[in-house]
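Enquirer: sequence first, predicted model second:
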Amino acid sequence: MSKEKEREPLFSAKNLKLLKDPLGENNPITVQVLGICSALAVTAKLKPAVVMAISVVVVLSVSNVIVSIFRKSVPPRIRIIFQLVVIAMMVILVDQVLKAFAFEVSKQLSVFVGLIITNCIIMGRLEAFALANKPWESFLDGLGNAAGYGLILIIVGFFREFLGSGTIFGYHMMEKIGIYNIGYENNGFMILPPMALITVGIIIWVQRSRNKDLIDKS
Amino acid sequence: MKQFSNRYIFIFATVMVAIVALVLSSAALLLQPLQEKNAEIEKKRNILASVGVEATEDNAEKLYEQYIIGSFVLDNTAEKVEGVDPFNVDVRKEQRKPIEEQVFPVFVATLEDGSNTYIMPLEGKGLWGPIYGYISLKDDLRTINGVTFDHKSETPGLGAEINESWFEAQFIDKKLFEDGDFVSITIQKGGAEEGDPHAVDAVSGGTITSKALEAMLYDCLANYVEFLKKNSE
């Protein structure tokens, strides 16, 4: 058997699973409950949530690939430092690029881009996956996990902006579809951080009631 | 597990840091001109916004040329200072100097109806980081023509609301002086009284940012009081 035949196709079932799992039944936010902190902070409006999601996708997939490439030459004793340096470098690059090419958006996200460094999902994936797997798989894993994170961010951002400010991307949706006429008022509580937690909680509830496997046996 | 010698670890760490430093500094150098350009356009847009001119990234420079007819710098006794470019005065840096050494820029714009308006920069400390903005006064140097605020890192949806138009619009036609005395504008939690010429509504959920904004208005404008009094007769 030649070496060529042993190689997996790029999108084998196993690789696709890496990409899809984190979107649903192994979602970093709703199932692993990681990265909650930033999910609370940037979701008061939809736009920062979307840009945050894209930034995390870029940072996580590229850092995963870099760490995976060097996985055999990184001394285990300083691997955490190595991971942090890679993440920090990527985050600073993303921040700089946003400032140069998407100034408006970088203003919107302000401090939160820098805080991607502290996002537990990224560190978690580097440590748990990229250090032990090949670059391509790591890339898919990074993409999947960041997308899973971003998906929840966008869902939460959508509801918080819609119910809290009555807008979608700053467009006055509530007014347009006439919900104010039946007596709804913007719920200022939705904009406050606790409601992000409750919204995430509701998403977790809905997800678990549809997929009983996720419920803890204990 | 493979064992690595201390020597290897040291070399690995050194090379890693060197490479990362190289990547980051070249990125910073390459992108710097673009970022500075963005910051300059942003400043021009903010100045224009305080006069009520909405500029986009593309036409900001053209509109700036068109509306802003002059600018000058004052010292703390309201005398004009020569040889300082008002556009490049960094107000935040100025505020760290002793009051006698500080300079205060003023920009003059002509409105559509031909009257002049005077624009002054504002700088203050918000909840998480700096807040800043521009205020423009009408010909009488008493009445607010418009304001624009912005912030570095206030909480989105709460303190960050200070740069929304509903908040900024409240300031239009408010008065800074009461019977010739400087009173500034207060930002009232729970809503300002209807028709109060010196107060506006605070941002709900953004109390600290609102307070900071009030302090910024008072502190920055206090430096201009001499100039405003002298020139309003």
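Expert: Looks like it came in fine. Numbering: from 1, shown residues only, chains lettered A, B, ... in the order given.
Enquirer: ramachandran angles for the residue lying closest to A:Leu10 once chain neighbours are set aside?
Expert: Distance criterion CB to CB, 6 or more residues apart in numbering or on different chains; nearest residue to A:Leu10, sequence neighbours excluded, is A:Trp136 at 6.8 Å. Every C-beta, even on glycine, is put in place using the N, C-alpha and C of the backbone. Phi and psi for A:Trp136, reported as degrees, to the nearest 10, are phi -60, psi -50.
Enquirer: so how far is B:Pro86 from A:Trp136?
Expert: Distance of A:Trp136 to B:Pro86, given as CB to CB, to the nearest Å: 56 Å.
Enquirer: of the two, which one has the most company?
Expert: Taking other CB atoms under 10 Å in any protein chain shown, A:Trp136 and B:Pro86 do not tie; B:Pro86 has more neighbours (20 against 15).
Enquirer: for that one, what are its contacts?
Expert: B:Pro86 makes contact with B:71-73, B:105-107 under the criterion CB atoms under 8 Å, 6 or more residues apart in numbering or on different chains.
Enquirer: partner strands of the lengthiest strand in chain B, with direction?
Expert: Ranked by residue count under DSSP state E, the longest strand found in chain B is strand B:116-125. Applying DSSP bridges, strand B:116-125 is found paired with strand B:104-110 (antiparallel), strand B:130-137 (antiparallel).
Enquirer: let's have those strands in CSV, adding mean pLDDT, mean neighbour count and distance to A:Gly144.
Expert: Conversion of the strands paired with strand B:116-125 to CSV gives the following (pLDDT from 0 to 100; neighbours: other CB atoms under 10 Å in any protein chain shown; distance: least, CB to CB, whole Å):
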stretch, mean pLDDT, mean neighbour count, distance to A:Gly144
strand B:104-110, 90, 20, 51
strand B:130-137, 92, 22, 38
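Enquirer: between those strands, which one is closest to A:Gly157.
Expert: The closest of the strands paired with strand B:116-125 to A:Gly157 is strand B:130-137. By CB to CB, the value is 23.9 Å.
Enquirer: need the contact partners of that closest one.
Expert: B:46-47, B:49-52, B:91-92, B:109, B:117-125, B:143-152, B:154, B:162, B:171, B:176, B:209, B:212-213, B:216-217, B:221, B:228.
Enquirer: near chain B, which residues of chain A?
Expert: Selection of chain A residues close to chain B by CB under 8 Å from any CB of the partner chain yields A:41-42, A:44-45, A:48, A:72-78, A:81-82, A:85, A:89, A:92-93, A:96-97, A:99-101, A:103-104, A:107-108, A:110-111, A:160, A:164-165, A:188, A:191-192.
Enquirer: where along chain B do the strands fall?
Expert: Using DSSP E, strands in chain B cover B:68-74, B:80-81, B:104-110, B:116-125, B:130-137, B:144-151, B:177-178, B:181-182, B:186-188, B:199-201.
Enquirer: so A:Asn186 sits in a helix?
Expert: No - read with DSSP: H, G, I helix; E, B strand; the rest coil, A:Asn186 is coil and lies in no helix.
Enquirer: can you count the residues close to it?
Expert: A:Asn186: 15 surrounding residues under other CB under 10 Å.
Enquirer: repeat that for the one 10 residues further on.
Expert: Here the neighbour count serves as a burial measure; for A:Ala196 (other CB under 10 Å) it reads 23.
Enquirer: what's the closest non-adjacent residue to it?
Expert: Counting by CB to CB, 6+ apart, the residue nearest A:Ala196 is A:Leu40, at 4.2 Å.
Enquirer: helices or strands next to the helix or strand hosting the one you found in the packing?
Expert: Here A:Leu40 sits within helix A:36-41, counting by DSSP states H and E. Here helix A:36-41 touches helix A:135-165, helix A:193-210, going by 3 or more CB pairs under 8 Å, 6 or more residues apart in numbering or on different chains; DSSP states H and E.
Enquirer: identify the residues contacting that helix?
Expert: Contacts of helix A:36-41 (CB under 8 Å, 6+ apart): A:29, A:52, A:112, A:115-116, A:118-120, A:149, A:152-153, A:156, A:193, A:196-197, A:200, B:155-156.
Enquirer: from those residues, which would you call buried?
Expert: Buried members of these, counted by 16 or more other CB atoms under 10 Å in any protein chain shown: A:29, A:52, A:112, A:115-116, A:119, A:149, A:152-153, A:156, A:193, A:196, A:200, B:155-156.
Enquirer: thought B:Thr148 was touching B:Gly52?
Expert: No - with contacts counted by CB atoms under 8 Å, B:Thr148 stays clear of B:Gly52, the gap being 9.3 Å.
Enquirer: do you know how far the closest residue to A:Tyr149 other than its chain neighbours is from chain B?
Expert: Nearest non-adjacent residue to A:Tyr149, counting by CB to CB, 6+ apart: A:Pro28, 5.1 Å away. Distance, A:Pro28 to chain B, using CB to the nearest CB, to the nearest Å: 22 Å.
Enquirer: SS state for the closest residue to chain B within chain A?
Expert: In chain A, the residue that lies nearest chain B is A:Ala44 (3.1 Å; CB to the nearest CB). Put simply, A:Ala44 is coil when judged by three-state DSSP.
Enquirer: got the contact list for stretch A:180-200?
Expert: Residues contacting stretch A:180-200 (CB under 8 Å, 6+ apart): A:29-30, A:36, A:39-41, A:43-44, A:152, A:156, A:159-160, A:163-166, A:174, B:157-158, B:204-205.
Enquirer: which parts of it are buried?
Expert: By neighbour count on 16+ other CB under 10 Å, the buried set for stretch A:180-200 is A:190-193, A:195-196, A:199-200.
Enquirer: hey, C-alpha coordinates of that stretch in CSV?
Expert: The C-alpha atoms that make up stretch A:180-200 are tabulated as CSV, following Å, rounded to 0.1, in the frame of the first residue of the first chain:
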residue,chain,number,x,y,z
TYR,A,180,-44.5,49.2,20.1
ASN,A,181,-48.1,49.6,19.0
ILE,A,182,-49.2,46.5,21.0
GLY,A,183,-47.6,48.0,24.2
TYR,A,184,-44.0,46.7,24.2
GLU,A,185,-41.3,49.0,25.6
ASN,A,186,-37.6,48.6,25.3
ASN,A,187,-36.4,46.5,28.1
GLY,A,188,-33.3,48.3,29.5
PHE,A,189,-32.6,45.2,31.6
MET,A,190,-31.6,43.3,28.5
ILE,A,191,-28.7,45.6,28.0
LEU,A,192,-27.2,44.9,31.4
PRO,A,193,-24.7,42.1,31.7
PRO,A,194,-26.9,39.8,33.9
MET,A,195,-29.3,39.3,31.1
ALA,A,196,-26.5,38.0,28.9
LEU,A,197,-26.0,35.3,31.5
ILE,A,198,-29.7,34.5,31.6
THR,A,199,-30.0,34.5,27.8
VAL,A,200,-27.1,32.0,27.6
